[in-house]
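>>> Predicted model, plus sequence, below.
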Amino acid sequence: MLFRIDNARCRVGRRNLLEIDRFEVALGEHWCVYGPNGAGKSLLMSLIAGRRPETGSYVRYAEAFDPTRDILLVSFEEQQRLWRRDERLDISDYSEDALDQGTLVAELIRTALSASEQDEQLFDSLCADLELCDLLTRGIRFLSSGQIRRALIARALYGQQCRRPRLLIFDEPLEAVDRESRDRIRGAIAAHLGSNCASLHLCRREQDRFPGATHLLAMEHLQVLERGAMSESAWERAAARFRLRRGAVPDQIPCLPGTRQKDLEPDAGLIELRGVNAGYGDLRVLRDVYWKMEGRHHVLVEGPNGCGKSTLLSLIDGENHKGYGQEVYLFGRRKGSGETVWDVKRRFGVVSNELHNHYIKGWKVLDVAVSGFFDSVGLYDDSGTGEQNHARAWLATLHIADLANSFYHQISFGQQRLALLARAMVKQPDILILDEPCVGLDDYHRDFILGTLDVIAERTSTRLIYVSHAPGENPSCINYRLRFEAAADGGYRLQQSEI
């Protein structure tokens, strides 16, 4: 036995309670922990990993097992922790080239083993299997979400090869990963999990079931529904229960008081790039990009991890200074011709992993939604009654009105995504940028968000730019595709087509 939980009771906010009567994991066991957003999976993970104050009361570890050393995590929370640590330690302002790489990919992977335990053959094999060889000398702050996810998986698989027992926790290991890498990741995990470790594989969707699972723990509403050896009958019982969860998309979209939805000409020029380039140091990300988005377009952006999708979006919405001095035109005006960055931001709404990472403890859900009026991460300005009422209307539209006074960090990942959509839409943006908005969501929340985006596209003048890795996972309103494809001379070229 690696650990055992007995009669655990963990409070979430004022009203909710995670209840685990008994759960234990032994070496060689690989558990699929299955359930929708809000089931309690991530809370259970935090309890096991020693990141909850209740851990000492309810969790008993094997002798000499140290959770801070012997539990290796692959999760969005771990990505956030690593990013925030490197940002806190950033010394770019004091370096000669004004660039502090922070933690390198190779360093991150090697931290799983002590110097005496390093295995160069295994290290090289894992990096090749997970396509990390070209990223080893890059700082993790400069990776895409999918790239850092692969690096964390490599660290976990590398670390379990040591001589002491290890517990690996994979929270949705395939999320934010491009379709070309998914089979590689599944194969690497299956090939490198050994008998001297145990693992938990958290999944929200039926198709993300880990094929090598020996046991199943199914959860919903902070309760355990099923626990025991994996079997097809047990899996089917849990999967069938969650297939029934469906929610109606909204039939009305709140209109900001004192404004009205304006008609948008189909051929109106919204965004135009003429020969735009962008890079970081010696790394050339975008090369000679031409693209025009018109009023009739709802755009899908596709491409593998690290190809430049997020860089392209940041050039547009004001986050990236490399857009200045180039021929970037927004709403008929060249970028940098007298407008402020806040003038640009005012016309865009954004939902992204990066924004999700920036919201940490302390903000209530209503604060998050209202902050969209100010384009801030958190609420620092006084908001009026009208702004609060409109934000509440959006929370109601997205079926989370009852969470307005809940703390953002205490609600489920799917509910957080809905709160960010409310934040993006309160100001009725001309363009809504959605950078992988369905990452971390169960089927219910994915269907709901995609359906809601179709209603927004139909009933407002807001136009969508939607980034996705999952095939077929986009709103049905999409009618234009941008796809980054590998170029013969290295890097990527942008291919465009009407749909």
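Everything's here; your move.
>>> mind checking how far stretch 230-247 is from the chain centre?
Put simply, stretch 230-247 sits 25 Å off its chain's centre (Cα atoms, centre = their mean, to the nearest Å).
>>> for stretch 136-154, same thing?
14 Å.
>>> Just the buried residues of that stretch, please?
For stretch 136-154, the neighbour count (16 or more other Cβ atoms under 10 Å) marks 136, 138-154 as buried. Where you see a C-beta, it was placed from the backbone N, CA and C, and this is true even at glycine.
>>> Ok, stretch 61-69 next?
Judged by neighbour count using 16+ other Cβ under 10 Å, the buried positions of stretch 61-69 are 61, 65, 67.
>>> Run through the stretch 301-450 of the chain and note the low-pLDDT ranges.
Within the stretch 301-450 of the chain, the set of residues satisfying pLDDT under 70 comprises 318-320, 322-323, 360, 380-382.
>>> Now do the strands in it.
327-330, 333-334, 348-351, 431-435 (DSSP state E, counting those that start in this stretch).
>>> Send me stretch 359-374 as PDB with only the CA atoms.
The C-alpha trace of stretch 359-374 is given here as PDB (Å, rounded to 0.1, in the frame of the first residue of the first chain):
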ATOM      1  CA  TYR A 359      -6.800  34.300 -11.800                       C
ATOM      2  CA  ILE A 360      -5.800  33.000  -8.400                       C
ATOM      3  CA  LYS A 361      -7.300  33.100  -4.900                       C
ATOM      4  CA  GLY A 362      -9.200  36.100  -3.600                       C
ATOM      5  CA  TRP A 363     -11.700  36.900  -6.400                       C
ATOM      6  CA  LYS A 364     -15.400  36.100  -6.300                       C
ATOM      7  CA  VAL A 365     -17.100  35.000  -9.500                       C
ATOM      8  CA  LEU A 366     -19.000  38.200  -9.800                       C
ATOM      9  CA  ASP A 367     -15.700  40.200  -9.500                       C
ATOM     10  CA  VAL A 368     -14.300  38.100 -12.400                       C
ATOM     11  CA  ALA A 369     -17.200  38.800 -14.600                       C
ATOM     12  CA  VAL A 370     -17.300  42.600 -13.800                       C
ATOM     13  CA  SER A 371     -13.500  42.900 -14.400                       C
ATOM     14  CA  GLY A 372     -14.300  42.400 -18.100                       C
ATOM     15  CA  PHE A 373     -15.500  46.000 -18.300                       C
ATOM     16  CA  PHE A 374     -12.000  47.100 -17.200                       C
END
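>>> how is this structure carved up into domains?
Domains of the chain are assigned by automatic domain parsing as 3-243, 269-498.
>>> Now the first one: average pLDDT?
Averaged across domain 3-243, pLDDT comes to 89.
>>> measure it end to end?
By Cα to Cα, to the nearest Å, the extent of domain 3-243 from end to end equals 32 Å.
>>> I'd like the numbering to begin with 51 instead of 1 from here.
Sure thing, new numbering starts at 51, so read that last one as domain 53-293.
>>> ok so, going back, got JSON lines for the domains of the chain, with distance to Ile303 too?
Formatted as JSON lines, those follow (distance: least, Cβ to Cβ, whole Å):
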{"stretch": "domain 53-293", "distance to Ile303": "23"}
{"stretch": "domain 319-548", "distance to Ile303": "5"}
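>>> nearest to Asp301, of those?
With Cβ to Cβ as the measure, domain 319-548 is the member of the domains of the chain nearest Asp301 (7.3 Å).
>>> gap between the two ends of the closest one?
Start-to-end, domain 319-548 (Cα to Cα) is 16 Å.
>>> and that domain, how far out from the chain's middle?
With Cα atoms, centre = their mean as the basis, the distance from the averaged C-alpha position of domain 319-548 to the chain average is 13 Å.
>>> Please save the CA atoms from stretch 188-206 in CSV.
Extracted in CSV, the C-alpha atoms of stretch 188-206 (Å, rounded to 0.1, in the frame of the first residue of the first chain):
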residue,chain,number,x,y,z
ARG,A,188,13.9,26.4,-23.9
GLY,A,189,12.4,27.9,-20.8
ILE,A,190,9.1,26.4,-19.7
ARG,A,191,7.5,29.9,-19.6
PHE,A,192,8.0,30.1,-23.4
LEU,A,193,6.2,26.8,-24.2
SER,A,194,2.6,26.3,-25.3
SER,A,195,0.2,24.6,-23.0
GLY,A,196,0.6,21.3,-25.0
GLN,A,197,4.4,21.5,-24.9
ILE,A,198,4.7,22.0,-21.2
ARG,A,199,2.1,19.2,-20.7
ARG,A,200,4.4,16.8,-22.6
ALA,A,201,7.4,18.0,-20.5
LEU,A,202,5.5,17.3,-17.2
ILE,A,203,4.6,13.8,-18.5
ALA,A,204,8.2,13.2,-19.3
ARG,A,205,9.2,14.3,-15.8
ALA,A,206,6.6,11.9,-14.2
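>>> In this protein, spot the helix with the most residues.
For the chain, the longest helix by residue count, based on DSSP state H, is helix 493-509.
>>> in that helix, what counts as buried?
So, applying 16+ other Cβ under 10 Å, buried residues of helix 493-509: 493-507.
>>> residues making contact with that helix?
Contact with helix 493-509 is made by 86-87, 254-256, 292-293, 295-297, 299-301, 303, 311, 348, 447-449, 464, 467-468, 471, 475, 482, 484, 487-488, 491, 512-514, 516, 523-527, as judged by Cβ atoms under 8 Å, 6 or more residues apart in numbering.
>>> Mind checking which of the buried residues of stretch 111-119 land in strands?
Under the assignment DSSP state E, the buried residues of stretch 111-119 contribute Tyr111 to strands.
>>> with the buried residues of stretch 111-119 in mind, which one is nearest to Asn439?
Using Cβ to Cβ, those come closest to Asn439 at Pro117, 45.8 Å.
>>> Can you give me the distance of the closest one to Leu52?
For Pro117, the distance to Leu52 equals 10 Å [Cβ to Cβ, to the nearest Å].
>>> shared neighbours of the two, which are they?
Each of 111, 217 lies in contact with both Pro117 and Leu52 under the rule Cβ under 8 Å, 6+ apart.
>>> sorry, back to before: so what angle separates the directions of the longest helix of the chain and strand 481-485?
Here helix 493-509 runs at an angle of 160 degrees relative to strand 481-485 (axes from the mean of the first three to the mean of the last three Cα atoms, to 10 degrees).
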